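# generate a structure from the sequence data that follows.
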Amino acid sequence: MGLREVDDAFNRYVFDEVPLRMLYLPQMKLLERDALKRLYQPHIDQITEEDLQDNPLGRSAAIEERIRRQLRYGILSHRWFSLEPSFQDIMGGNTLEGPGWEKLRKFCEVANKMYGVELVWSDTCCIDKTSSSELDESLRCMFRWYHNTSVCIVYLAETTSLDELYDDEWFTRGWTLQELLAPSTIRFFRKDWAPLTDYTNDKADHAANQRIMNIITEVTGIPLQDIQGFVPGPFQVDARMVWAAHRKTTRSEDVAYSLMGMFDVSIPIAYGEGAQRAFFRLVEAIMQVSNEPGVLNWAGKPAQIHGLSTAFPSAPACYLGHPDNVRSLVDEKREFSLTNRGLRIQLLVIPVDLVTPVIPPATSIQDRATFRCKAFKISALTVEGTSFPVLERTGTNRYAYSLGIFNYAMIQGESKDPILPKTCIAYLLTRLKGTGSFAKMVISVCHDWKKVETKTFITFDLPQEYTVTKRNLLTTVWI
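Numbers count the residues shown, from 1 in each chain. Here you go, the predicted model:
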């Protein structure tokens, strides 16, 4: 019998932190978690009190370190071939020929001989894809499995040298983003299964590794510190979305599902719902656990989900080209939530006038409009979009417009007035004007707006005297 505390931690680790099943190399058979626990329990029982001493991070960290040292496994990151070994093939004892099978054999050989692991995991044969519940759990837990691995073996099927990394398709796929970020130890292998470097960990901070890390940083656009020591969580959303903006997935919904681990959120897997609905749910899940303003820092096409809200982006590409000063004042948090009226959020709402020249009715919609606000000395703010109703021949317009600034901060103190940076970032908001007296009264107390789809981000500079604004401009709106 081992230590009860260690045994409890081992049980949690097996059932919460490692894959549902793994390939046990000495027998080349798949082992479920129960079998893994029975196989490694004798090793865990040998852990003594003496083994847990002198860990500077404490007893819990010492227990986890000992468990990880016993239950080591390797994991494969790759691009799928046309014929890959399946769960059913392995369970049935089938041994076929082809590139997929050869890749699996080489992966097992490399993991065992170079890293001494007896357990390996591959998404080709270790998931029973006929089980929707198992597939759901696997996709939601995959970031954690890559994070806990002893080594991630990356097979680059199109690369024979470092110079060819720029063109390898592995760097363009959606799921491989988390497979790059999650592991602490990673090793890149060429097309012929020779390692690209001489080090056992290509993420290690060695001078000789500088070239491969510099190339990966250049190819992916991800800062070196994030590649070497990524911390998952619902923050820096705008910057992290850009990393995924140009990546492709076979199933459109995987664009969203593959980002769950990176932002440390979880949503149910529902293939068939469509890319926009899946991404809508991802962003909503991020908003539920974080009020960081970066999630708001987008432009372009909104998700079309029953017209519920125009404040949710349709894809990671909406964050491309985002302004960097969304956090320029302080690490200011925002309170926002999705309701049946739309996204409820506090913005600094500045009414603006449409000053686009009058044009004939036949061309009453255009893709560019100019706005002004005398109170804030905004004389000509031109915005590009997909369609703007222009001024009618009477010189009037049926639509009211406002700028909804979201990169403000609050001054701490009795006044609690909002303060703006010199460069503001805003949404363009619109709604119908009231015509009758009753309609005008209703609209005056109703704060429902629509975020106008714009092709670019709306930024503008304010005169110095306007950087501190009056609190009555801070408005709770639904968009």
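# can you list the weak-confidence ranges in the chain?
Counting by pLDDT under 70, the ranges of the chain that qualify are 1, 206-209, 327-333, 357-365, 389-397, 411-416, 434-447, 465-471.
# pull the contacting residues for the residue nearest the centre of it.
Nearest to the mean C-alpha position of the chain, counting by CA atoms, centre = their mean, stands Leu259 at 4.0 Å. Counting by CB atoms under 8 Å, 6 or more residues apart in numbering, Leu259 touches Leu177, Gln178, Met241, Ala244, Leu282, Pro316. All C-beta spots, glycine's among them, are computed from the backbone N, C-alpha and C.
# what lies in contact with the helix or strand hosting the fifth one?
Think Leu282. Assigned by DSSP states H and E, Leu282 belongs to helix 275-289. With CB under 8 Å, 6+ apart as the contact definition, helix 275-289 has outside contacts at 234, 237, 252-253, 255-257, 259-260, 263-267, 270, 295, 303-305, 312-316, 336-338.
# distance from the chain centre to that helix, please.
Helix 275-289 has its C-alpha centroid displaced from the chain centroid by 10 Å (CA atoms, centre = their mean, to the nearest Å).
# same deal with stretch 70-88?
23 Å.
# now the strands for the stretch 1-150 of the chain?
21-24, 29-32, 73-77, 119-121 (DSSP state E, counting those that start in this stretch).
# and Lys106, which of those strands is closest to it?
For Lys106, the closest of the strands of the stretch 1-150 of the chain is strand 73-77, at 9.9 Å, according to CB to CB.
# in strands only, show me the contacts of helix 275-289.
Phe336, Ser337, Leu338 (DSSP state E).
# put the buried members of the residues you listed into a ChimeraX selection.
Applying 16 or more other CB atoms under 10 Å to those, the buried members can be selected in ChimeraX as follows:
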select :336,338
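# can I get the ones in strands among the contacts of helix 275-289 in JSON lines including distance to Tyr13?
Formatted as JSON lines, the ones in strands among the contacts of helix 275-289 follow (distance: CB to CB, whole Å):
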{"residue": "Phe336", "distance to Tyr13": "37"}
{"residue": "Ser337", "distance to Tyr13": "35"}
{"residue": "Leu338", "distance to Tyr13": "36"}
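# ok, the ones in strands among the contacts of helix 275-289 vs Lys248, which is closest?
Leu338 (28.2 Å).
# pretty sure the closest one sits against Val295.
No - counting by CB atoms under 8 Å, Leu338 sits too far from Val295 to count as a contact (12.0 Å).
# tell me which strands the helix or strand Leu343 falls within pairs with, and in which orientation.
For Leu343, the host element (DSSP H and E) is strand 342-354. In the sheet, strand 342-354 lines up against strand 336-339 (antiparallel), strand 365-373 (antiparallel), strand 399-405 (antiparallel), strand 474-478 (antiparallel) (DSSP bridges).
# please identify the buried residues of it?
Buried residues in strand 342-354 (16+ other CB under 10 Å): Gly342, Leu343, Arg344, Ile345, Gln346, Leu347, Leu348, Val349, Ile350, Val352, Leu354.
# a strand runs through Ile153, doesn't it?
Yes - applying DSSP: H, G, I helix; E, B strand; the rest coil, one finds Ile153 inside a strand.
# list the contacts for it?
Gly74, Ile75, Leu76, Ser77, Phe107, Val110, Ala111, Arg187, Phe189.
# nearest to Thr370, of those residues?
Of all those, Ser77 has the smallest distance to Thr370: 49.4 Å, by CB to CB.
# what is that closest one paired to in the beta sheet?
Judged by DSSP bridges, the bridge partners of Ser77 are Val154.
# residue contacts, it?
Taking CB under 8 Å, 6+ apart as the test, what Ser77 contacts is Tyr146, Cys152, Ile153, Val154, Tyr155, Trp170, Thr176, Glu179, Leu180, Ile186.
# most neighbours among those, please name it.
Ile153 (27 neighbours; other CB atoms under 10 Å).
# if we can go back for a sec, now the contacts of Ile153 as CSV including distance to Asp324?
Putting the contacts of Ile153 into CSV (distance: CB to CB, whole Å) gives the following:
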residue, distance to Asp324
Gly74, 38
Ile75, 34
Leu76, 36
Ser77, 31
Phe107, 40
Val110, 41
Ala111, 41
Arg187, 34
Phe189, 36
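# buried subset of those?
Buried, going by 16+ other CB under 10 Å: Gly74, Ile75, Leu76, Ser77, Phe107, Val110, Ala111, Arg187, Phe189, out of the contacts of Ile153.
# just give me the neighbour total for the residue nearest to Ser258 when sequence neighbours are not counted.
In this structure, Ser258 finds its nearest non-sequential neighbour in Gly174, 4.3 Å apart by CB to CB, 6 or more residues apart in numbering. Residues contacting Gly174 under the criterion other CB under 10 Å number 20.
# how much space between Gly174 and Glu109?
Counting by CB to CB, to the nearest Å, the gap from Gly174 to Glu109 is 28 Å.
# do Glu169 as well
For Glu169, the distance to Glu109 - CB to CB - is 24 Å.
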